[in-house]
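**Student:** Sequence plus the predicted model coming up.
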Amino acid sequence: MKKFLVPASLFVFPLVALAQQTVSSILTRVMSILNLVIPIVITFALITFLWGVFKYVTAGESDDKKKAIELIAYGLVALFVMVAVWGLVAIVGNTFGIQPGGAAPGVPGIPGAF
């Protein structure tokens, strides 16, 4: 438990030190961080899937193909879970009117790319 508290406190202490911030400004900061991290995680899952496909196509032995199938499965499961959670959050947000204007969230992307 102590191993978790030290890294967690590194993220919490700056927010406590800036106590004049409101809850909405803190949530805005957290959302901006998540908007940067989510596309990176989705990209990593896609790369894992594609690497598994590449390993499967180039594998000659059955052991290599089993490892490649595991990579493909991990990549697909990760992509499915991320997109499913993203959709569930959009449904819940639209149902309860939590999001501004009741609009669905945009497609995640790399900031500054388009």
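**Tutor:** Happy to help now that I have it.

**Student:** distance of I110 from I98?
**Tutor:** When CB to CB, to the nearest Å is applied, the distance between I110 and I98 equals 26 Å. All C-beta atoms are positioned from the backbone trio N, CA, C, and that covers glycine.

**Student:** same check, this time on V30
**Tutor:** Here the criterion is CB to CB. By it, V30 lies 15 Å from I98.

**Student:** Check Y56 too.
**Tutor:** Taking CB to CB as the measure, Y56 and I98 are separated by 42 Å.

**Student:** Between the two, which is the more surrounded one?
**Tutor:** Set side by side, Y56 and I98 show more neighbours around Y56, with 16 against 10, by other CB atoms under 10 Å.

**Student:** got any ranges where this structure has weak pLDDT?
**Tutor:** The chain contains residues with pLDDT under 70 at 1-6, 8-21, 23, 99-107, 113-114.

**Student:** center of this structure, which residue is that?
**Tutor:** Here the mean C-alpha position of the chain is nearest to the C-alpha of I38 (CA atoms, centre = their mean), at a distance of 3.6 Å.

**Student:** what's the closest non-adjacent residue to that one?
**Tutor:** Spatial nearest neighbour of I38, excluding adjacent residues (CB to CB, 6 or more residues apart in numbering): P108 at 5.0 Å.

**Student:** correct me, but the one you found touches L34?
**Tutor:** No - applying CB atoms under 8 Å, one finds P108 not in contact with L34, separated by 9.5 Å.

**Student:** which of those two has more neighbours?
**Tutor:** Applying other CB under 10 Å to P108 and L34 shows that P108 carries more neighbours, namely 19 against 11.

**Student:** Next up, the contacts around that one.
**Tutor:** When contacts are counted by CB atoms under 8 Å, 6 or more residues apart in numbering, P108 is found next to N35, I38, P39, I42, W86.

**Student:** how about it, secondary structure?
**Tutor:** For P108, the assignment made with DSSP: H, G, I helix; E, B strand; the rest coil gives coil.

**Student:** How about the one 4 residues further on?
**Tutor:** When the structure is reduced to helix, strand and coil (three-state DSSP), G112 reads as coil.
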